[in-house]
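Colleague: Have a look at this fold, sequence not included:
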């Protein structure tokens, strides 16, 4: 399990992925689920 906690002008949120490879694959999509400006 791979989890990332981030903040986007509000409360902290956590997104979980099955593996770091899954996270990288999602971020390479045309519309990723996390923006570059989120505070990790």
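Modeller: The structure has been received and is ready for your questions. Predicted, not measured: the structure shown is a model, and the values here were computed from it.
Colleague: Going by C-alpha atoms from here, please, whenever you check contacts or count neighbours.
Modeller: Will do.
Colleague: And the strands in this protein?
Modeller: 2-7, 12-17 (DSSP state E).
Colleague: What helices and strands are in contact with the last one?
Modeller: Contacts of strand 12-17 with other secondary structure elements, assessed using 3 or more Cα pairs under 8 Å, 6 or more residues apart in numbering; DSSP states H and E, are made with strand 2-7.
Colleague: list the helices and strands the strand it packs on packs on?
Modeller: If contacts are counted by 3+ Cα pairs under 8 Å, 6+ apart, strand 2-7 sits against strand 12-17.
Colleague: what's the closest of the strands of the chain to residue 23?
Modeller: The closest of the strands of the chain to residue 23 is strand 12-17. By Cα to Cα, the value is 6.1 Å.
Colleague: between that closest one and strand 2-7, how many degrees?
Modeller: Relative orientation of strand 12-17 versus strand 2-7 (axes from the mean of the first three to the mean of the last three Cα atoms, to 10 degrees): 160 degrees.
Colleague: ok, now how distant is residue 8 from residue 37?
Modeller: Separation of residue 8 from residue 37 (Cα to Cα, to the nearest Å) stands at 8 Å.
Colleague: Compare neighbour counts for these two and give me the winner.
Modeller: residue 8 (13 against 8; other Cα atoms under 10 Å).
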